[in-house]
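*Asks:* take this sequence and fold it.
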Amino acid sequence: MGVLRTGAAAVAGLPGRSRRWWRGLSRPRRAAVALAVVLAVLAAPVAAAAAALRLAGAGEPRADARTRGRDALWLGHAWVDGRRGPADTAALAADLRTTGIRDLYVHAGPLGHDGTLDPRLHPRARRLVGELHRAAPGLRVHAWLGDVVAPEHPEGLHLDRPAVRAAVAASAGQVLDAGFAGVHLDLEPVRSGDPGFLDVLDRTHAVTARRGAVLSAATPQIDPLPGLHRAAAALADHPKWWSQAYLGQVARRVDQVAVMSYDTGTPLESLYSGYVAQQTALALEAVPGRVDLLMGLPAYREEKFGHWGHAETVAAAVRGVRLGLGRTEPGRERFGVALYVDFTATPRDWSDYRAGWAVRRPAG
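*Replies:* Sure, this is the predicted structure:
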């Protein structure tokens with residue numbers, strides 16, 4: 001009935017001949033026409049968004065939009081629990097010599113839901129750090145600590161509780177004691193504007209700064225349209241995006257930001273490149289120049305509504321990053337990309353990263 005009323009309302013403003021045509025239709029035909037009108041109205045903004053993304057992904061990237069030698073790689077838990085050994089570490093270090101990767105986020109958690117960290121989860125951490133430093137002295141090895149967050153996950157971290165926030169900061173000190181050069185926090189999903197997360201960062205940064213260590217944070221994507229995070233939270237009750245302002249607040253409390261610019265739901269590589277170009281530009285505007293900004297590359301495969309593996313490729317992401325960087329702040333030095341994740345990355349992913357991004361910038 002709602003569709004028929006919508007169609008009738010649309011026809012009411014038409015000339016008499018059109019109104020007579022409408023009244024002459026059978027009820028099923030009226031429903032079909034009305035549905036077509038509604039779908040056309042709904043499709044218009046989608047088509048406009050697709051056109052905007054295609055435009056954002058068009059053109060040729062600047063030749064100097066290449067690695068600054070500040071890239072990163074997320075590494076799975078096998079590197080600290082004993083499944084990976086010295087031979088694996090030596091091979092990894094050798095492979096990374098032909099890249100721009102400087103930082104390794106090694107999964108050392110997860111955190112307990114109270115913010116604490118069980119040291120038995122990373123028995124090989126100190127040995128791994130020592131092996132990597134000997135094999136590749138320029139690498140920085142960070143402890144990747146993560147957990148799910150309330151209220152989306154009621155059993156997860158409650159960042160509104162001071163004891164939980166204090167425990168997360170204490171866990172950061174614990175992994176620094178194990179030899180890590182930094183802490184990479186990946187707490188999901190944090191809502192845009194969450195004051196508890198800001199306090200976690202303040203507390204944790206106080207710990208890392210005293211030790212001369214690095215604090216890094218993985219962050220969601222940025223509102224493609226102003227205020228979209230509010231609409232998404234209201235309609236889906238899920239914090240998909242952050243505002244630019246909140247990303248800036250987070251960035252000012254850390255040394256490094258890694259934007260998880262994947263799981264976008266874009267169905268075509270061209271649209272995904274445009275989306276990443278837009279995200280790169282938005283992030284560059286929000287993150288201070290003294291903070292390392294890294295854009296995530298999806299080195300994994302899924303085929304589902306939120307992530308189409310045939311579209312969200314490393315090659316498409318690299319193209320978008322280069323376009324966004326070249327248009328917005330080509331001289332930015334504290335910038336890079338971060339590949340997610342080592343145990344799903346294919347030879348093609350590595351080849352696309354090297355060919356598209358890891359070639360050094362032209363001199364001058």
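*Asks:* measure residue 253 to residue 135 for me?
*Replies:* Distance from residue 253 to residue 135, counting by C-beta to C-beta, to the nearest Å: 32 Å. The way it works is simple: take the backbone N, C-alpha and C, and place the C-beta from them, glycine included.
*Asks:* could you do residue 123 as well?
*Replies:* For residue 123 relative to residue 135 (C-beta to C-beta), the value is 20 Å.
*Asks:* more neighbours: which of those two?
*Replies:* A side-by-side neighbour count of residue 123 and residue 135, using other C-beta atoms under 10 Å, places residue 135 first with 17 against 12.
*Asks:* ok, and the closest non-adjacent residue to that one?
*Replies:* residue 93 (3.6 Å; C-beta to C-beta, 6 or more residues apart in numbering).
*Asks:* also residue 268?
*Replies:* Excluding the flanking residues, the one nearest residue 268 by C-beta to C-beta, 6+ apart is residue 311, at 5.3 Å.
*Asks:* re earlier: can I take it that the residue nearest to residue 135 is in a helix?
*Replies:* Yes - Residue 93: assigned to a helix according to DSSP: H, G, I helix; E, B strand; the rest coil.
*Asks:* contacts only, for it.
*Replies:* Residue 93 sits next to 132, 135-136, 139 when contact means C-beta atoms under 8 Å, 6 or more residues apart in numbering.
*Asks:* one more: residue 193?
*Replies:* Residue 193 makes contacts with 243, 246, as judged by C-beta under 8 Å, 6+ apart.
*Asks:* just the pLDDT at it, thanks.
*Replies:* We have a pLDDT of 97 for residue 193.
*Asks:* cool, the one 5 residues further on as well?
*Replies:* In this model, residue 198 is scored at 99, pLDDT.
*Asks:* one more: residue 326?
*Replies:* 98.
*Asks:* can you count the residues close to it?
*Replies:* There are 19 residues near residue 326, going by other C-beta under 10 Å.
*Asks:* what ranges does the stretch 201-350 of the chain have for its strands?
*Replies:* 214-219, 221-222, 241-242, 256-259, 292-298, 303-304, 307-308, 335-340 (DSSP state E, counting those that start in this stretch).
*Asks:* sorry, back to before: quick check: phi and psi at the residue nearest to residue 268.
*Replies:* The phi/psi pair for residue 311 (degrees, to the nearest 10) reads phi -100, psi -40.
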